[in-house]
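Visitor: Need the 3D shape of this:
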Amino acid sequence: MTAIQLHTARYHGLGLTDLQVLLLLAEQGPQDLTALAVETGLSNPAITGTSQKLVGKFLVQRLRDHWTDGRLTVIELTELGRVRLHQITGKFPEPVSA
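Guide: A predicted model of the protein is given here:
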């Protein structure tokens with residue numbers, strides 16, 4: 001990630017961790033919060049806070065994993081999230097099916 005990309009992310013109210021989560025979702029598709037915590041090195045409460053922030057900005061949306069007991073929260077990039085990543089990185093991430 002370049003300094004210009006980070007500056008652009010901050011312009012849009014996003015920090016480094018927010019951008020890291022968005023990029024992971026763009027590259028890997030929908031992820032559960034525990035997997036994202038491992039990928040980013042964040043604690044579970046920290047990744048929960050980050051996901052809530054991104055949901056509030058309509059950049060990701062929560063899904064319930066129907067294959068488990070329903071308590072596992074999965075998030076995925078929204079169309080607005082893809083557009084925001086394009087504005088920041090200059091690349092338009094293609095939707096990834098899980």
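
Visitor: wait, what's in contact with the spatially most central residue of the chain?
Guide: For the chain, the residue nearest the mean C-alpha position is residue 22 (3.1 Å; C-alpha atoms, centre = their mean). Listed by C-beta atoms under 8 Å, 6 or more residues apart in numbering, the contact set of residue 22 reads 14, 54, 59-60, 77, 81, 84-85. Every C-beta, even on glycine, is put in place using the N, C-alpha and C of the backbone.

Visitor: the helices in this protein, which residues?
Guide: For the chain, applying DSSP state H gives helices covering 3-11, 16-28, 33-40, 44-56, 79-89.

Visitor: who's in contact with the spatially closest residue to residue 20 that is not a sequence neighbour?
Guide: Closest residue to residue 20 apart from its sequence neighbours, by C-beta to C-beta, 6 or more residues apart in numbering: residue 40 at 5.7 Å. Applying C-beta under 8 Å, 6+ apart to residue 40 gives the contacts 17, 20-21, 24, 47.

Visitor: Can you tell me which of those are buried?
Guide: Neighbour-count burial (16 or more other C-beta atoms under 10 Å) applied to these gives 17, 20-21, 24, 47.

Visitor: Could you dump the contacts of residue 40 into CSV with distance to residue 4 and pLDDT added?
Guide: Converted to CSV, these look like this (distance: C-beta to C-beta, whole Å; pLDDT from 0 to 100):
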residue, distance to residue 4, pLDDT
17, 18, 93
20, 17, 93
21, 20, 95
24, 21, 94
47, 26, 95
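
Visitor: Which of the residues you listed sits closest to residue 2?
Guide: Nearest to residue 2, judged by C-beta to C-beta, of the contacts of residue 40 is residue 20 at 14.1 Å.

Visitor: Tell me the span between the first and last residue of stretch 35-53.
Guide: Separation of the first and last residues of stretch 35-53 by C-alpha to C-alpha, to the nearest Å is 18 Å.
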